[in-house]
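>>> Take this sequence and fold it.
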Amino acid sequence: MDTNTENKACNCFKDTLNRVKDHLTEQGKVPADAINIGFRWQGQSMILTEGEYSPANPKVEVEFQAAKKGGGHARNKTKIDISIMATHCCYCGREYQRNNA
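Residues are numbered from 1 along each chain as shown. Reported below is the predicted structural model:
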């Protein structure tokens, strides 16, 4: 994994999305004569501060059955999900350059 931290942006997310588009088109999953085709990362974020950020960040889903005070466990599961802001590109390992001011 490359840990390049120079001030040049990586295009890993864009390139990967294009590879997915090409693959699905070649496999016939997206018909060649289809129109208004859209590909985007699920869970995409818009960050209004300056700096470089990942367009999509990992999401963690948690499920559990909590213990009851009188013993046993709750019938229903508690579900929690959180997104984690990536500090490095998950493809090439390059650290995102951010203005920490």
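>>> Counting neighbours, what do you get for the residue nearest to residue 81 when sequence neighbours are not counted?
In this structure, residue 81 finds its nearest non-sequential neighbour in residue 61, 4.7 Å apart by Cβ to Cβ, 6 or more residues apart in numbering. The C-beta positions use only the backbone N, C-alpha and C, and glycine is treated the same way. Residue 61: 8 surrounding residues under other Cβ atoms under 10 Å.
>>> do the same with residue 86
14.
>>> ok now do it, which residues does it touch?
53-54, 57-58, 96 (Cβ atoms under 8 Å, 6 or more residues apart in numbering).
>>> JSON lines please, covering those residues and showing distance to residue 42, secondary structure and pLDDT.
Formatted as JSON lines, those follow (distance: Cβ to Cβ, whole Å; DSSP: H, G, I helix; E, B strand; the rest coil; pLDDT from 0 to 100):
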{"residue": "53", "distance to residue 42": "16", "secondary structure": "coil", "pLDDT": "83"}
{"residue": "54", "distance to residue 42": "13", "secondary structure": "coil", "pLDDT": "86"}
{"residue": "57", "distance to residue 42": "11", "secondary structure": "coil", "pLDDT": "84"}
{"residue": "58", "distance to residue 42": "11", "secondary structure": "coil", "pLDDT": "81"}
{"residue": "96", "distance to residue 42": "20", "secondary structure": "coil", "pLDDT": "88"}
